[in-house]
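1. output the structure for:
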Amino acid sequence: MVGKTEEALSRIIAQIGEIHSIVHDIANPAQEQASGLEEVNRAVTPMDQFTQQNAAMVEESTAAARNLAGEMQQLTTLVAQFDVDGGADDVLPFWGARTGKSCIVNRHQS
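-> Numbers count the residues shown, from 1 in each chain. Below is the predicted model of the structure:
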């Protein structure tokens, strides 16, 4: 009976050794994956910050574009008061925004 117990314990010890080896084989790749994920996280964090900064800049640009559109509408209303086809009565110089060249415009008299 002692011999059978000793034999059973030997098999159990051998199986425990195999289990330990399997657990070790699983733990090493898991640790490598954890390290890899940590590296990915370190790389993604700045990208997330840049994305948030870009989103804020887009919002600011959108607001600025809306303001410019409103100012353009006001300018269009003001420019509509000028007659550019007429004669030389009441002539004012005007600097063209696109060309930078001076042109002559006539003030529309209401």
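
2. domain assignment for the protein?
-> Structural domains assigned to the chain are 2-79, 82-110, following automatic domain parsing.

3. could these go into CSV alongside mean pLDDT and mean neighbour count?
-> Backbone N, C-alpha and C define where each C-beta goes, glycine included. CSV is the format used below for the domains of the chain (pLDDT from 0 to 100; neighbours: other C-beta atoms under 10 Å):
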stretch, mean pLDDT, mean neighbour count
domain 2-79, 95, 10
domain 82-110, 56, 10
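
4. would you mind giving the secondary structure of the residue nearest the centre of the chain?
-> Taking C-alpha atoms, centre = their mean, the centroid of the chain lies closest to T51, which sits 2.4 Å from it. Classification of T51 using DSSP: H, G, I helix; E, B strand; the rest coil returns helix.

5. any idea how far P29 is from N41?
-> 18 Å (C-beta to C-beta, to the nearest Å).

6. no further questions, thank you.
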